[in-house]
Structures are given as C-alpha cells and as structure tokens.
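Participant: Compute the structure for the input listed below.
(one chain, ligands or ions: 2)
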Amino acid sequence: MTMVTNQIVNDWVKEMAEMTKPDEIVWVDGSKEQLEQIKQIALSTGEMIELNQEKLPGCLYYRTKPKDVARDEKRTIICTTRKEDAGPTNNWVAPDEMYAKLSKLFDGSMKGRTMYAIPFSMGVVGTEFSKIGIELTDSIYVVLSMAIMTRVGQSVIDELNAGADFTRCLHSKAQIDETEKYIVHFPEDNTIWSINSAYGGNVLLGKKCLALRIGSYLGKQEGWMAEHMLILKIENPQGEARYVCGAFPSACGKTNLAMLTPPEYFREKGYKVSTIGDDISWLRIGSDGRLYAVNPENGFFGVAPGTNEKSNPNALKTTHKNTIFTNVARNLDDNTVWWERLDKNPPENGEDWQGNPWNGKTSTEKGAHPNSRFTAPAENCPIIADEFFTGEGVPISAIIFGGRRAKAEPLVYEARDWNHGVFIGSAMASETTAAANGKVGVVRHDPMAMLPFCGYNMADYFQHWIDMGKKMTNPPKIFHVNWFRTDENDEFLWPGFGDNLRAVLWMLDRCEGKAGAVETPLGYEPKPEDLDVNGLNVTPEILEKLLKIDKADWENEIKGIEEFYSQFPDLPQEIKDNFDRLKREVEKM
Ligand code: OXD
Ligand code: MN
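Facilitator: Ligands and ions are numbered 1, 2, ... in the order given. This is a model prediction of the structure:
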C-alpha cells in the first residue's frame, strides 16, 4: 500500500493515537492477504469464531455483550454549537463539553491493543456521490465488517493523497461499559466518536453515523439528500427499467422488499426485479430535473430472524459465503448458524446467542437475538443490479414511505403532489422493533424513517425536502404503504413479501398515467379492481378492508400528528397547509 502523504490525515491519526495510546497502528489496505492475517488474530484470541468452511466458506461468527445488541438512541448525540441546530428530536450536548468528556474516556483506551486505520469510501470512488472517511478502531470485528460494508483500500488512499476531505471516525470498544457508551456526531467538524459499544449500528461508522447523520447534514449544505431508503429496480416484460426508493423504519422489511421475488404470475409475464440497495440512498438532482439515487454501501447488514427460503431466498443465498453472523444461534454438530423461522429444524445440540447450551427442539427461549444480524457483501446477492457496481445514480420514479401499522393506514395510497408527499412522510408512524434498545411494538412517529438518523433539526430537514421539490422539474411521485394491517383476529390481511410487487406495479402504472384510482382524504387510492391480485387468495372484501379509511382512526391519527408536530415551532408552511387539508377532509367524512 502506498503511504498516506496527506499531512492533515497524518496529523489527525497522530493526535488520536496520542490520546488512545495503542501499542501500534496498522493501516488497512483492503487486500485479501491482509484481511486474512487480521482475521487470524481474531480467531486466535476468540474474538470471532470460524464457521464450517465447507458449508459456509469465509463465514465468521461474532457475539456482542447482552446489553450491546442494538442501536442505542439514548446514547446517540448530535453536537452542534447551537442546540437548535440539532433540533428537538436529537440528543444534544455542546461540542466542547462532549470533546472534554470523551477525551477522558478515550484516554489510553487502546493501551495494549492495535489501532487499525481503515480508509473507506461511501459510494463508488471517483463518482460524484463518493464521500471518504477514515475509521480508527481497536476492534477487528469493525475492520472485517467495514471491509464488507464499505469500499476500503488503495483507491481511497489515492483520493486522500490527492487532498480529499474526509470524515474523521474514531471508535474504541474500550471496556464495552454500557454506562459509558456514547455514539457522538460533530457535524460541524465532520467527525464521529463512538466508545464502549461493539454492536454494528453503533460502531460501523460509515453506515448510520456517516451515510445518514453526517450525510444528511452535508446533504442540506450541499443540496442533496441522505435517506433511510432501499432502491429497487423493476423491469417490465418490454425490458424497460424503472427504479423506486422506499423508506421504512428499521426491521420493517426493507431488505425483503429490496430483494423480492415476483409472484410466479408476474415472472411468467416477464417482470424482473433486482436490488440496488436495502438501507441507505443518497439522492441528487440530475440535469434533466429528475432525482437520481445510489446505494453508498457495499454490503447488507440485515436482520437474520425471519429470513428464510420463502420470505427472502435472495438474502439467504447472499449469506452463504464471506459473511459475518452476529448474535444468531450456533449448531455445534456442524458448526453452522440458525435463527428463529429459518426452517423447522433448529439444532438440538446448539448454543444460543449468549453462548449458553441450547436445544432448539425443546427450549422455550429464543436461540438468536431478535436483532441478530448478517453482514454480507452486496456482490453475493443473486439479483444485485449492474447499476449497483457503477455507482452512477438511477432515476427514481417513485418514493415509497411505509411503516408497521396494525390499524389506520391502508395498503397503499398516492400523494397528490410532492409537497403533499413530504407531509405524508413527515407524519408517518410505525410500531417500534428490536433494532433499537427500548420497548417493542409501540407506535411512534418516525418521519421518513429518519427519526434516529437525521443529523440536524428535523424541521429544517422537512424544509430541505420542500426545497428539493422546488428544484426538480420531474420529481418522483410519492406513495405510502402498509403491509402490516391486521383484521379483527390480529391476522395480517395482506400476504406481503413478493406480493408487495403488486402494489409497486400499481404505483409505476400511476407514474405513467396507466392505472385507476379514487381520491380520498389521504390521497389517491386504488379501487379494488385497480390492483392485480391474479393468483392471490385476496377477496374483494379483504381488499376493501385493506383499503378502508376509518374516520375515528384518522381523528386519532390527527391528534397524534398534532402532538408530534407541537415540538417544532417552525414547520414549513407547505406541511401546515397539507395537514390543515387532511383535517378538513377527515372532518367531512
Ligand atoms: C439498520 C437499522 O441496522 O436501521 O439498518 O437499525
Ligand atoms: Mn436501517
């Protein structure tokens, strides 16, 4: 590897090393040989476990401490000079105060350890989307995961040596002391410091911290958007490609939608679906006035439980080589992995996610943690699209917002225009999941699925969406979906998974003026006959329930939105106007 000659980089690494006091500093060049050497160290210390190399070549097993299994939103902080720049939905501390506090925690935290310096890019190096970062860490798990999730290596060093700016990412697992855990962003300094965690979302600093929190801040300044969105490519029987983005809160099925298998009926007709991204989109306006998206990541950090041959065969195949499994159960007979709902054959001679002996046939305890994960290279995905590799943006026809809602939200509806869509995104809510610490199943407002990831004041973020709309001559249409509506017996009404394509095809037809709809207080809904349910056991009565808009439910929603909005003194006028219209229309129902 060529040495780093950029003096700013070298000065920063030196300063961080003087604080953390590692025994040595190793630059990661991304080569197979070096990653193999580093992996061997983790195997020899027991930090990671090698899985069955015939069945799962290149795969590793990793476990985190029982209280370090999810993103920690209470300990995630945005440090801006002015509190109002972080806004009411973020934790805020003044930068000087936080630097002082963290410097004490980082002081000597790498003593007796190696500091790895990982040069990485979010986005394909050399494209207009690429952003460079360097993560310094004392965790081999982080090194090997960043090598999957980002682009690491020589081309990044070349950019740095040519003078590229970079995000300064510092991580130490320290003692993994949950009482001193902090995931801290200093957007004004393009800096992220994370300490006392070893869980992916808190420590793979290219992902949530850079690509979303710092990314959204940079996007606001530079006129682009960083969003919690998947990117899906759909080809019709004529071979024409369309692209959609979808924003859903964590663990609400983004990976499943991103890798969906079309129902047989549509496959036979010649429809084809491929994946560009499953979690994060960076979006820029093209010279033709459309919105273009890339996936800045290089891998998938997916939720394992529930992933199976039926729900997501493509994700399952993606994990069969060169993957890191975290906090799943292990089969000790053949040294493979297992998680809830993988198949009906849990190991009898197993170990649960905490390393306790576990018999999946008799135990009433879960084998895998509900937020256990796979970290897998995107190139493994059988339906990865060519556009993923070029890193050039794809033009987005539709943006889909959605959440996990048992009641109120119908299957699908279309916003009247961009600003109405921004209102819908700003007002969306979802039941909480195991992806973050805290209670599961509570409805909370999560605008654009960005509540935990917006790196600045959310009211300014809404304004940024409105402003981006003004700059586009041909903006995507915006839709809202809910795959999770239940009936009076708490059973899901909609089959979900591959059949979600049916709703997506209605959306694409709407974009081309080819599908019917009715106007409702929420926007345009398909009439039951506008959705192609061929080959599906969904009766017109069920469709009616799925599409029903209930006045009492929506009066209640309006109260919830009002309460959520009350924390923002200056919401954009466009959002207020659309909310007022919803209130009027619901009242008239
Ligand atoms: C994720 C999350 O890991 O949203 O993608 O928590
Ligand atoms: Mn996510």
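
Participant: going forward, measure contacts and count neighbours with C-alpha atoms only.
Facilitator: Will do.

Participant: Pick out the residue in the chain sitting closest to ligand 1.
Facilitator: With distances taken as C-alpha to the nearest ligand atom, the chain approaches ligand 1 most closely at S250, which sits 3.8 Å away.

Participant: With adjacent residues omitted, what lies nearest to that residue?
Facilitator: Excluding the flanking residues, the one nearest S250 by C-alpha to C-alpha, 6 or more residues apart in numbering is A435, at 6.0 Å.

Participant: Then I140?
Facilitator: Per C-alpha to C-alpha, 6+ apart, closest to I140 is A42, 6.4 Å.

Participant: burial count for the one you found?
Facilitator: When neighbours are counted by other C-alpha atoms under 10 Å, A42 registers 17.

Participant: can you check P237 too?
Facilitator: Neighbour tally, P237, other C-alpha under 10 Å: 14.

Participant: one step back: look up how far E50 lies from the residue nearest to I140.
Facilitator: The gap separating A42 from E50 is 10 Å, by C-alpha to C-alpha, to the nearest Å.

Participant: go on, M149?
Facilitator: 19 Å.

Participant: Looking at those two, which is more packed in?
Facilitator: Counted by other C-alpha under 10 Å, M149 and E50 do not tie: M149 has more neighbours, with 25 against 20.

Participant: before we move on, back to that, now do the helix or strand in which the residue nearest to I140 is found: which elements does it pack against?
Facilitator: Using DSSP states H and E, A42 falls within helix 32-45. Contacts defined by 3 or more C-alpha pairs under 8 Å, 6 or more residues apart in numbering; DSSP states H and E place helix 32-45 against strand 49-50, helix 140-149.

Participant: same thing but at 10 Å, please
Facilitator: strand 49-50, strand 60-62, helix 140-149 (3 or more C-alpha pairs under 10 Å, 6 or more residues apart in numbering; DSSP states H and E).

Participant: Save those as JSON lines, and put in mean pLDDT and distance to ligand 1 too.
Facilitator: Listed next are these as JSON lines, based on pLDDT from 0 to 100; distance: least, C-alpha to the nearest ligand atom, whole Å:
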{"stretch": "strand 49-50", "mean pLDDT": "98", "distance to ligand 1": "22"}
{"stretch": "strand 60-62", "mean pLDDT": "98", "distance to ligand 1": "16"}
{"stretch": "helix 140-149", "mean pLDDT": "98", "distance to ligand 1": "12"}
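
Participant: Take the ones you listed and lay them out in JSON lines including distance to A94.
Facilitator: Below are those laid out as JSON lines (distance: least, C-alpha to C-alpha, whole Å):
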{"stretch": "strand 49-50", "distance to A94": "41"}
{"stretch": "strand 60-62", "distance to A94": "35"}
{"stretch": "helix 140-149", "distance to A94": "28"}
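
Participant: Checking my notes, Y461 in a strand, right?
Facilitator: No: read with DSSP: H, G, I helix; E, B strand; the rest coil, Y461 is helix and lies in no strand.

Participant: Based on its surroundings, how many neighbours for it?
Facilitator: Y461 has 24 nearby residues by other C-alpha under 10 Å.

Participant: wait, isn't it in contact with G455?
Facilitator: Yes: contact criterion C-alpha atoms under 10 Å: Y461 and G455 qualify, at 9.0 Å.

Participant: so who does the residue most central in space within the chain touch?
Facilitator: Nearest residue to the geometric centre of the chain (C-alpha atoms, centre = their mean): D279, 3.3 Å. By C-alpha atoms under 10 Å, 6 or more residues apart in numbering, the contact list for D279 reads 207-208, 227-231, 245-250, 254-255, 258, 295-297, 299-302.

Participant: Near ligand 1, which residues of the stretch 101-250 of the chain? Just list them.
Facilitator: G201, S250 (C-alpha under 6 Å from any ligand atom).

Participant: what touches both of Y461 and G455?
Facilitator: By C-alpha under 10 Å, 6+ apart, the residues touching both Y461 and G455 are G87, S216, Y217, K220.

Participant: domain parsing for this protein?
Facilitator: 7-48+72-222, 227-299+387-455+474-542, 300-379 (automatic domain parsing).

Participant: Just put those in JSON lines and tack on distance to Y61.
Facilitator: Converted to JSON lines, these look like this (distance: least, C-alpha to C-alpha, whole Å):
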{"stretch": "domain 7-48+72-222", "distance to Y61": "6"}
{"stretch": "domain 227-299+387-455+474-542", "distance to Y61": "17"}
{"stretch": "domain 300-379", "distance to Y61": "5"}
